[in-house]
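> I'd like to go over a predicted model; first the sequence, then the structure.
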Amino acid sequence: MAYDRKIDDVWSFRTADTKEFTHCYHNYPAMMIPQVARRLLDVYAPAGKLELVLDPYVGSGTTLVESSLKGIRSIGIDLNPLARFISKVKTTHYDLNLITKGIAYIVTGIILYNPADVINTDFSRISNSTFWYTEETLYKLSYISQLISRLDHSIQDFFLLCLSETVREVSFTRNGEFKRYKMSEKQLEKFNPDVFNTFEKKVQRNLKGLEAFNVTDDRDLAEVYDFNSSKCIPSDIIAEGSVDMVVTSPPYGDSHTTVAYGQFSRWANEWFNFDNAKTLDRLLMGGVISKEVRFRTESIHSELESIKEQDEKRYYEVISFLNDYWDSIQNVAKLIRKGGRVCYVVGNRRVKNIQINLDYFTAEMFEKCGFVHEITIVREIPNKRMPSKNSPTNKTGETAVTMTNEYIVILTKK
Ligand SMILES: C[S@@+](CC[C@H](N)C(=O)[O-])C[C@H]1O[C@@H](n2cnc3c(N)ncnc32)[C@H](O)[C@@H]1O
(Lines give C-alpha, C1' and ligand atoms only; values in the text may rest on other atoms or scores of the structure.)
Protein backbone atom coordinates (compact mmCIF):
# COMPACT_ATOMS: atom_id res chain seq x y z
CA MET A 1 0.00 0.00 0.00
CA ALA A 2 1.67 3.19 -1.20
CA TYR A 3 0.62 6.79 -1.66
CA ASP A 4 1.53 8.86 -4.72
CA ARG A 5 4.73 10.85 -4.38
CA LYS A 6 5.79 13.61 -6.73
CA ILE A 7 9.35 14.91 -6.81
CA ASP A 8 9.16 18.66 -7.35
CA ASP A 9 12.19 20.92 -7.48
CA VAL A 10 10.05 24.04 -7.03
CA TRP A 11 9.94 23.14 -3.35
CA SER A 12 13.70 22.99 -2.82
CA PHE A 13 14.23 26.73 -2.36
CA ARG A 14 17.98 26.22 -2.51
CA THR A 15 18.90 29.89 -2.57
CA ALA A 16 16.03 31.27 -0.49
CA ASP A 17 16.63 33.61 2.44
CA THR A 18 15.26 31.56 5.33
CA LYS A 19 15.86 34.32 7.88
CA GLU A 20 13.48 37.00 6.65
CA PHE A 21 11.23 38.88 9.09
CA THR A 22 11.20 37.37 12.58
CA HIS A 23 12.40 34.00 11.24
CA CYS A 24 15.89 35.25 12.12
CA TYR A 25 15.18 35.33 15.86
CA HIS A 26 16.28 32.04 17.40
CA ASN A 27 17.75 28.74 16.38
CA TYR A 28 15.73 25.56 16.87
CA PRO A 29 16.28 21.96 15.80
CA ALA A 30 14.68 20.77 12.55
CA MET A 31 13.13 24.10 11.64
CA MET A 32 10.77 24.16 8.69
CA ILE A 33 11.88 26.67 6.11
CA PRO A 34 9.47 29.61 5.82
CA GLN A 35 9.16 29.24 2.05
CA VAL A 36 7.61 25.80 2.46
CA ALA A 37 4.96 27.03 4.89
CA ARG A 38 4.36 30.11 2.69
CA ARG A 39 3.89 28.10 -0.48
CA LEU A 40 1.63 25.58 1.23
CA LEU A 41 -0.61 28.40 2.47
CA ASP A 42 -0.67 29.86 -1.05
CA VAL A 43 -1.00 26.79 -3.23
CA TYR A 44 -2.82 24.32 -0.99
CA ALA A 45 -5.23 26.62 0.84
CA PRO A 46 -8.53 24.74 1.10
CA ALA A 47 -11.53 25.74 -0.99
CA GLY A 48 -13.70 28.27 0.79
CA LYS A 49 -12.37 30.22 3.74
CA LEU A 50 -8.90 30.25 5.28
CA GLU A 51 -9.34 31.93 8.64
CA LEU A 52 -7.68 29.59 11.12
CA VAL A 53 -4.38 27.72 10.70
CA LEU A 54 -3.13 25.18 13.26
CA ASP A 55 0.37 23.86 13.91
CA PRO A 56 0.15 21.05 16.49
CA TYR A 57 3.98 20.78 16.81
CA VAL A 58 4.80 24.43 16.48
CA GLY A 59 8.53 24.36 17.34
CA SER A 60 9.99 27.77 16.57
CA GLY A 61 6.73 29.02 15.04
CA THR A 62 7.52 29.12 11.32
CA THR A 63 3.90 28.42 10.35
CA LEU A 64 2.57 31.02 12.80
CA VAL A 65 4.85 33.74 11.44
CA GLU A 66 3.89 32.93 7.85
CA SER A 67 0.17 32.91 8.74
CA SER A 68 0.57 36.25 10.54
CA LEU A 69 2.30 37.74 7.48
CA LYS A 70 -0.78 36.80 5.46
CA GLY A 71 -3.16 38.26 8.06
CA ILE A 72 -4.50 34.82 9.04
CA ARG A 73 -5.20 33.83 12.65
CA SER A 74 -3.19 30.85 13.84
CA ILE A 75 -2.75 28.54 16.82
CA GLY A 76 0.43 26.71 17.77
CA ILE A 77 0.82 23.82 20.22
CA ASP A 78 4.03 22.52 21.74
CA LEU A 79 5.09 20.76 24.92
CA ASN A 80 8.41 22.53 24.92
CA PRO A 81 8.25 25.85 26.82
CA LEU A 82 11.16 27.23 24.81
CA ALA A 83 9.34 26.48 21.54
CA ARG A 84 6.24 28.27 22.81
CA PHE A 85 8.30 31.23 23.96
CA ILE A 86 10.06 31.56 20.59
CA SER A 87 6.77 31.27 18.72
CA LYS A 88 5.07 33.87 20.87
CA VAL A 89 7.86 36.43 20.58
CA LYS A 90 8.22 35.91 16.82
CA THR A 91 4.54 36.71 16.28
CA THR A 92 4.31 39.77 18.53
CA HIS A 93 4.45 43.29 17.09
CA TYR A 94 6.49 44.99 19.84
CA ASP A 95 6.47 48.78 19.95
CA LEU A 96 9.63 49.88 18.14
CA ASN A 97 9.96 53.11 20.14
CA LEU A 98 9.94 51.20 23.39
CA ILE A 99 12.38 48.64 22.00
CA THR A 100 14.79 51.39 20.92
CA LYS A 101 14.63 52.95 24.39
CA GLY A 102 15.16 49.51 25.89
CA ILE A 103 18.27 48.96 23.78
CA ALA A 104 19.72 52.30 24.89
CA TYR A 105 19.09 51.41 28.55
CA ILE A 106 20.73 47.98 28.22
CA VAL A 107 23.74 49.23 26.25
CA THR A 108 24.40 51.88 28.90
CA GLY A 109 23.93 49.33 31.68
CA ILE A 110 26.46 47.03 30.04
CA ILE A 111 29.05 49.82 29.78
CA LEU A 112 28.65 50.39 33.51
CA TYR A 113 28.91 46.68 34.41
CA ASN A 114 30.41 45.89 37.78
CA PRO A 115 30.15 42.29 39.09
CA ALA A 116 29.46 43.69 42.56
CA ASP A 117 26.13 45.06 41.23
CA VAL A 118 24.77 41.65 40.24
CA ILE A 119 21.82 40.97 42.54
CA ASN A 120 20.89 37.35 41.79
CA THR A 121 23.90 35.07 42.16
CA ASP A 122 21.90 31.97 42.99
CA PHE A 123 22.37 29.60 40.06
CA SER A 124 21.03 26.48 41.75
CA ARG A 125 18.22 26.13 39.16
CA ILE A 126 20.88 25.39 36.54
CA SER A 127 22.11 21.82 36.83
CA ASN A 128 25.84 21.54 37.17
CA SER A 129 26.23 25.28 36.52
CA THR A 130 29.98 25.44 37.05
CA PHE A 131 30.54 22.48 34.73
CA TRP A 132 28.86 24.37 31.89
CA TYR A 133 29.82 27.98 32.61
CA THR A 134 32.56 30.09 34.13
CA GLU A 135 31.52 32.15 37.12
CA GLU A 136 32.19 35.32 35.13
CA THR A 137 29.76 34.19 32.41
CA LEU A 138 27.05 33.35 34.94
CA TYR A 139 27.38 36.79 36.53
CA LYS A 140 27.15 38.55 33.19
CA LEU A 141 24.10 36.55 32.15
CA SER A 142 22.46 37.35 35.46
CA TYR A 143 23.28 41.01 34.98
CA ILE A 144 21.57 41.03 31.56
CA SER A 145 18.47 39.45 33.16
CA GLN A 146 18.58 42.18 35.78
CA LEU A 147 18.71 44.94 33.18
CA ILE A 148 15.83 43.38 31.22
CA SER A 149 13.70 43.12 34.36
CA ARG A 150 13.81 46.92 34.65
CA LEU A 151 12.40 47.53 31.18
CA ASP A 152 8.77 48.20 30.32
CA HIS A 153 6.91 44.90 30.85
CA SER A 154 5.47 44.82 27.35
CA ILE A 155 8.90 44.49 25.70
CA GLN A 156 10.82 42.29 28.15
CA ASP A 157 10.18 39.06 26.22
CA PHE A 158 11.79 40.50 23.08
CA PHE A 159 15.06 40.87 25.02
CA LEU A 160 14.66 37.64 26.99
CA LEU A 161 14.55 35.72 23.72
CA CYS A 162 17.92 37.23 22.78
CA LEU A 163 19.19 36.12 26.17
CA SER A 164 17.75 32.65 25.61
CA GLU A 165 19.99 32.02 22.61
CA THR A 166 22.91 33.63 24.41
CA VAL A 167 22.77 31.30 27.45
CA ARG A 168 23.33 28.31 25.18
CA GLU A 169 26.00 29.87 22.98
CA VAL A 170 28.23 31.05 25.81
CA SER A 171 28.05 27.71 27.64
CA PHE A 172 30.64 24.97 27.19
CA THR A 173 28.31 22.90 25.02
CA ARG A 174 29.69 21.81 21.65
CA ASN A 175 28.54 24.03 18.85
CA GLY A 176 26.45 22.52 16.08
CA GLU A 177 25.04 19.67 18.17
CA PHE A 178 21.61 19.40 19.69
CA LYS A 179 22.67 17.08 22.50
CA ARG A 180 24.42 18.24 25.65
CA TYR A 181 28.07 17.43 25.04
CA LYS A 182 30.82 19.42 26.66
CA MET A 183 33.60 20.81 24.49
CA SER A 184 36.90 18.96 24.41
CA GLU A 185 39.82 20.23 26.52
CA LYS A 186 41.38 21.61 23.34
CA GLN A 187 38.22 23.51 22.38
CA LEU A 188 37.85 24.81 25.93
CA GLU A 189 41.34 26.33 25.85
CA LYS A 190 40.34 28.50 22.89
CA PHE A 191 36.83 29.29 24.08
CA ASN A 192 36.43 32.71 25.64
CA PRO A 193 32.93 33.97 24.80
CA ASP A 194 32.10 37.65 24.98
CA VAL A 195 28.73 37.42 26.74
CA PHE A 196 27.64 41.04 26.32
CA ASN A 197 28.68 41.22 22.69
CA THR A 198 26.92 37.95 21.86
CA PHE A 199 23.73 39.28 23.43
CA GLU A 200 23.94 42.72 21.80
CA LYS A 201 24.46 41.21 18.35
CA LYS A 202 21.31 39.16 18.74
CA VAL A 203 19.36 42.23 19.81
CA GLN A 204 20.50 44.10 16.69
CA ARG A 205 19.72 41.14 14.41
CA ASN A 206 16.26 40.65 15.92
CA LEU A 207 15.53 44.37 15.78
CA LYS A 208 15.94 44.26 11.99
CA GLY A 209 13.59 41.26 11.86
CA LEU A 210 11.02 43.06 14.00
CA GLU A 211 11.18 46.20 11.84
CA ALA A 212 10.41 44.14 8.75
CA PHE A 213 7.65 42.21 10.53
CA ASN A 214 5.96 45.33 11.93
CA VAL A 215 5.64 46.88 8.47
CA THR A 216 3.37 44.04 7.35
CA ASP A 217 0.59 44.34 9.96
CA ASP A 218 0.10 45.45 13.54
CA ARG A 219 -2.24 42.76 14.82
CA ASP A 220 -0.93 39.85 16.90
CA LEU A 221 -2.78 36.98 15.24
CA ALA A 222 -1.12 33.92 16.78
CA GLU A 223 -1.92 32.04 19.99
CA VAL A 224 0.33 29.42 21.54
CA TYR A 225 -0.66 26.60 23.93
CA ASP A 226 1.16 23.99 25.97
CA PHE A 227 -0.97 20.95 25.16
CA ASN A 228 0.27 17.45 24.55
CA SER A 229 -1.06 16.87 21.05
CA SER A 230 -1.07 13.09 21.66
CA LYS A 231 -3.15 13.36 24.82
CA CYS A 232 -5.77 16.07 24.56
CA ILE A 233 -6.40 19.31 22.72
CA PRO A 234 -9.21 20.97 24.73
CA SER A 235 -12.27 21.71 22.62
CA ASP A 236 -13.03 24.91 24.53
CA ILE A 237 -9.77 26.31 23.11
CA ILE A 238 -9.98 24.81 19.61
CA ALA A 239 -13.51 23.71 18.75
CA GLU A 240 -14.02 20.56 16.69
CA GLY A 241 -14.40 21.40 13.01
CA SER A 242 -13.06 24.94 13.44
CA VAL A 243 -9.64 24.66 11.79
CA ASP A 244 -9.32 25.38 8.06
CA MET A 245 -5.76 24.21 7.53
CA VAL A 246 -2.88 22.50 9.32
CA VAL A 247 0.70 23.25 8.26
CA THR A 248 3.19 21.41 10.42
CA SER A 249 6.35 19.36 10.69
CA PRO A 250 6.06 16.71 13.40
CA PRO A 251 9.03 14.94 14.96
CA TYR A 252 10.06 11.91 12.89
CA GLY A 253 10.99 9.75 15.88
CA ASP A 254 11.43 9.95 19.62
CA SER A 255 13.80 12.56 21.06
CA HIS A 256 16.25 9.98 22.40
CA THR A 257 17.12 8.37 19.07
CA THR A 258 16.37 11.26 16.69
CA VAL A 259 16.31 14.99 17.46
CA ALA A 260 16.86 15.88 21.13
CA TYR A 261 14.53 18.88 21.46
CA GLY A 262 14.69 18.74 25.26
CA GLN A 263 18.48 18.65 25.46
CA PHE A 264 18.82 21.48 22.97
CA SER A 265 16.34 23.61 24.92
CA ARG A 266 17.60 22.83 28.41
CA TRP A 267 19.92 25.84 28.64
CA ALA A 268 17.07 28.30 28.19
CA ASN A 269 14.42 26.21 29.93
CA GLU A 270 16.60 26.00 33.06
CA TRP A 271 17.74 29.60 32.92
CA PHE A 272 14.13 30.83 32.84
CA ASN A 273 12.96 28.14 35.27
CA PHE A 274 10.44 26.89 32.73
CA ASP A 275 8.42 23.72 33.42
CA ASN A 276 9.83 20.24 32.77
CA ALA A 277 13.27 21.56 31.79
CA LYS A 278 15.01 18.35 32.81
CA THR A 279 12.37 15.82 31.78
CA LEU A 280 11.15 17.18 28.48
CA ASP A 281 12.47 14.50 26.12
CA ARG A 282 10.55 11.83 28.04
CA LEU A 283 7.31 13.79 27.66
CA LEU A 284 7.56 14.28 23.90
CA MET A 285 6.20 11.76 21.39
CA GLY A 286 7.69 8.31 21.88
CA GLY A 287 9.36 9.35 25.14
CA VAL A 288 7.85 6.48 27.14
CA ILE A 289 8.32 2.93 25.86
CA SER A 290 5.19 0.83 25.53
CA LYS A 291 4.80 -2.76 24.36
CA GLU A 292 1.23 -2.32 23.22
CA VAL A 293 0.57 -1.54 19.53
CA ARG A 294 -2.34 0.90 19.34
CA PHE A 295 -2.68 1.17 15.54
CA ARG A 296 -3.04 -1.12 12.53
CA THR A 297 -0.98 -0.29 9.46
CA GLU A 298 -0.72 -1.85 6.05
CA SER A 299 1.54 0.79 4.55
CA ILE A 300 4.60 0.15 6.75
CA HIS A 301 3.67 -3.25 8.20
CA SER A 302 6.47 -5.23 6.56
CA GLU A 303 9.13 -2.66 7.51
CA LEU A 304 8.04 -2.81 11.16
CA GLU A 305 8.09 -6.62 11.11
CA SER A 306 11.63 -6.62 9.67
CA ILE A 307 12.83 -4.33 12.44
CA LYS A 308 11.15 -6.57 15.02
CA GLU A 309 12.96 -9.63 13.65
CA GLN A 310 16.32 -7.90 13.98
CA ASP A 311 15.95 -6.00 17.25
CA GLU A 312 12.90 -6.11 19.46
CA LYS A 313 14.00 -3.20 21.63
CA ARG A 314 14.36 -0.88 18.64
CA TYR A 315 11.01 -2.14 17.34
CA TYR A 316 9.22 -1.07 20.53
CA GLU A 317 10.95 2.30 20.46
CA VAL A 318 9.55 2.87 16.98
CA ILE A 319 6.11 1.53 17.98
CA SER A 320 5.97 3.82 21.02
CA PHE A 321 6.58 6.84 18.81
CA LEU A 322 4.03 5.70 16.22
CA ASN A 323 1.43 5.07 18.96
CA ASP A 324 1.73 8.66 20.16
CA TYR A 325 1.82 9.95 16.60
CA TRP A 326 -1.37 8.05 15.74
CA ASP A 327 -3.08 9.41 18.89
CA SER A 328 -2.11 12.94 17.95
CA ILE A 329 -3.39 12.50 14.37
CA GLN A 330 -6.80 11.48 15.75
CA ASN A 331 -6.83 14.54 18.02
CA VAL A 332 -5.86 16.87 15.18
CA ALA A 333 -8.25 15.29 12.64
CA LYS A 334 -11.29 16.14 14.79
CA LEU A 335 -10.44 19.83 14.74
CA ILE A 336 -10.47 20.18 10.95
CA ARG A 337 -13.60 21.36 9.16
CA LYS A 338 -15.13 19.51 6.23
CA GLY A 339 -13.09 20.44 3.14
CA GLY A 340 -10.20 21.57 5.37
CA ARG A 341 -6.68 20.54 4.55
CA VAL A 342 -3.69 19.08 6.41
CA CYS A 343 -0.07 19.46 5.23
CA TYR A 344 2.45 17.36 7.17
CA VAL A 345 6.13 17.80 6.36
CA VAL A 346 7.77 14.55 7.49
CA GLY A 347 11.11 12.78 7.38
CA ASN A 348 11.55 9.06 6.67
CA ARG A 349 14.34 7.86 8.94
CA ARG A 350 16.10 4.52 8.76
CA VAL A 351 16.17 2.11 11.68
CA LYS A 352 18.36 -1.01 11.37
CA ASN A 353 18.87 0.20 7.80
CA ILE A 354 15.16 -0.10 7.06
CA GLN A 355 13.40 3.04 5.90
CA ILE A 356 10.28 3.90 7.88
CA ASN A 357 7.97 5.62 5.42
CA LEU A 358 6.37 8.07 7.80
CA ASP A 359 4.76 9.78 4.81
CA TYR A 360 2.78 6.61 3.99
CA PHE A 361 1.89 6.11 7.63
CA THR A 362 0.71 9.74 7.93
CA ALA A 363 -1.50 9.43 4.84
CA GLU A 364 -2.87 6.07 5.94
CA MET A 365 -3.73 7.26 9.46
CA PHE A 366 -5.45 10.44 8.23
CA GLU A 367 -7.45 8.36 5.76
CA LYS A 368 -8.69 6.29 8.71
CA CYS A 369 -9.93 9.60 10.16
CA GLY A 370 -11.99 10.53 7.07
CA PHE A 371 -9.44 12.33 4.87
CA VAL A 372 -8.49 11.78 1.22
CA HIS A 373 -4.89 11.83 0.12
CA GLU A 374 -4.19 14.54 -2.49
CA ILE A 375 -0.45 14.26 -3.09
CA THR A 376 2.87 13.77 -1.33
CA ILE A 377 5.50 16.21 -2.57
CA VAL A 378 9.12 15.12 -2.28
CA ARG A 379 11.60 17.90 -1.66
CA GLU A 380 15.32 17.74 -1.19
CA ILE A 381 16.63 19.20 2.07
CA PRO A 382 19.37 21.62 1.15
CA ASN A 383 20.19 23.10 4.55
CA LYS A 384 17.73 21.98 7.18
CA ARG A 385 19.24 22.12 10.66
CA MET A 386 19.22 18.50 11.68
CA PRO A 387 21.97 15.94 12.12
CA SER A 388 22.79 14.71 8.63
CA LYS A 389 24.35 11.67 10.20
CA ASN A 390 23.35 9.62 13.18
CA SER A 391 23.45 6.02 14.10
CA PRO A 392 20.51 4.07 12.70
CA THR A 393 21.84 0.94 14.37
CA ASN A 394 22.17 2.89 17.61
CA LYS A 395 25.82 1.84 17.96
CA THR A 396 28.20 4.56 19.04
CA GLY A 397 30.61 5.56 16.35
CA GLU A 398 28.61 3.98 13.53
CA THR A 399 27.13 6.50 11.17
CA ALA A 400 25.02 6.53 8.04
CA VAL A 401 23.29 9.27 6.14
CA THR A 402 19.70 9.05 7.34
CA MET A 403 17.81 11.88 5.70
CA THR A 404 18.05 13.41 2.29
CA ASN A 405 14.44 14.10 1.37
CA GLU A 406 11.49 15.65 3.04
CA TYR A 407 7.93 14.52 2.26
CA ILE A 408 5.01 16.94 2.28
CA VAL A 409 1.86 14.87 2.80
CA ILE A 410 -1.32 16.68 1.79
CA LEU A 411 -4.86 15.47 2.54
CA THR A 412 -8.38 16.96 2.50
CA LYS A 413 -11.17 16.16 4.94
CA LYS A 414 -14.19 14.55 3.28
C1 LIG B 1 10.13 19.25 13.99
S2 LIG B 1 9.76 20.20 15.41
C3 LIG B 1 8.78 21.50 14.74
C4 LIG B 1 9.63 22.53 14.03
C5 LIG B 1 8.84 23.70 13.51
N6 LIG B 1 8.08 23.35 12.33
C7 LIG B 1 9.77 24.87 13.20
O8 LIG B 1 9.74 25.39 12.09
O9 LIG B 1 10.57 25.22 14.07
C10 LIG B 1 8.63 19.20 16.30
C11 LIG B 1 8.09 19.78 17.60
O12 LIG B 1 7.14 18.86 18.16
C13 LIG B 1 7.14 19.05 19.56
N14 LIG B 1 6.46 17.89 20.17
C15 LIG B 1 6.89 16.63 20.27
N16 LIG B 1 5.98 15.86 20.87
C17 LIG B 1 4.91 16.67 21.15
C18 LIG B 1 3.65 16.45 21.75
N19 LIG B 1 3.28 15.23 22.18
N20 LIG B 1 2.80 17.49 21.88
C21 LIG B 1 3.16 18.72 21.44
N22 LIG B 1 4.34 18.98 20.86
C23 LIG B 1 5.21 17.97 20.72
C24 LIG B 1 8.62 19.21 19.91
O25 LIG B 1 8.80 19.87 21.14
C26 LIG B 1 9.12 20.03 18.70
O27 LIG B 1 9.17 21.39 19.01
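Done, it's in. Numbers count the residues shown, from 1 in each chain.

> how about the backbone phi and psi for residue 41?
When read as degrees, to the nearest 10, the backbone of residue 41 gives phi -60, psi -30.

> which residues does it contact?
By Cβ atoms under 8 Å, 6 or more residues apart in numbering, the contact list for residue 41 reads 50, 53, 66-67, 70, 72, 245, 247. C-beta: built from backbone N, CA, C; applies to glycine.

> next one: residue 345
Applying Cβ under 8 Å, 6+ apart to residue 345 gives the contacts 32, 36, 248-249, 406-409.

> and it, that's in a strand?
Yes - per DSSP: H, G, I helix; E, B strand; the rest coil, residue 345 lies within a strand segment.

> show me what it bridges to in the sheet.
Applying DSSP bridges to residue 345 gives these bridge partners: residue 408.

> and the pLDDT for the closest residue to residue 293 other than its chain neighbours?
Spatial nearest neighbour of residue 293, chain neighbours left out: residue 319 (5.5 Å); criterion: Cβ to Cβ, 6 or more residues apart in numbering. For residue 319, the pLDDT comes out at 98.

> the ligand contacts on the stretch 51-200 of the chain?
For the stretch 51-200 of the chain, the residues in contact with the ligand (Cβ under 6 Å from any ligand atom) are 57, 59-60, 62, 77-80, 83.

> repeat that with 8 Å
Contact residues, the stretch 51-200 of the chain versus the ligand (Cβ under 8 Å from any ligand atom): 55-63, 77-80, 83, 86.

> neighbours of the one residue in the chain that gets nearest to the ligand, just the number please.
Nearest residue of the chain to the ligand: residue 59, at 2.4 Å (Cβ to the nearest ligand atom). Under the neighbour criterion other Cβ atoms under 10 Å, residue 59 is assigned a count of 26.

> and residue 117, by the same measure?
Using other Cβ under 10 Å, residue 117 has 11 other residues around it.

> how about the strands in the stretch 301-414 of the chain?
Applying DSSP state E, counting those that start in this stretch to the stretch 301-414 of the chain gives strands spanning 336-346, 350-351, 354-355, 371-380, 389-390, 400-401, 405-413.

> may I see the buried residues of the longest one?
It stands for strand 336-346. 336-337, 340-346 (16 or more other Cβ atoms under 10 Å).

> which among those are in contact with the ligand?
Near the ligand, taking Cβ under 8 Å from any ligand atom as the test, the members of these found are residue 345.

> now, the most widely separated pair of the buried residues of strand 336-346?
Greatest spacing in the buried residues of strand 336-346, by Cβ to Cβ: 337 and 346 (22.8 Å).

> ok, residue 365 - contacts?
295, 297, 325-326, 329-330.

> if you rank the residues of the stretch 51-200 of the chain next to the ligand by neighbours, which is first?
Highest neighbour count within these, by other Cβ under 10 Å: residue 63, with 34 neighbours.

> near the ligand, which residues of the stretch 201-350 of the chain are found?
227-231, 248-252, 255, 259, 261-262, 265, 280, 283-285, 287, 324, 328, 345.

> apply 5 Å and report the result again.
228-230, 249, 251, 261, 284-285 (Cβ under 5 Å from any ligand atom).

> now, of the residues you listed, which are buried?
228-230, 249, 251, 261, 284-285.

> and the residue nearest to residue 293, how close does it get to residue 262?
Going from residue 319 to residue 262 by Cβ to Cβ, to the nearest Å gives 21 Å.

> these two - which one has more neighbours?
Between residue 319 and residue 262, counted using other Cβ under 10 Å, residue 262 has the larger neighbour count: 26 against 21.

> please verify my assumption that that one contacts residue 275.
No - Residue 262 lies out of contact with residue 275 (Cβ atoms under 8 Å); the separation is 11.8 Å.

> neighbours of residue 292, how many?
Counted with other Cβ under 10 Å, residues neighbouring residue 292 total 8.

> how close does the nearest residue to it once chain neighbours are set aside get to residue 85?
Using Cβ to Cβ, 6+ apart and skipping the chain neighbours, the partner closest in space to residue 292 is residue 323 (7.3 Å). Separation of residue 323 from residue 85 (Cβ to Cβ): 28 Å.
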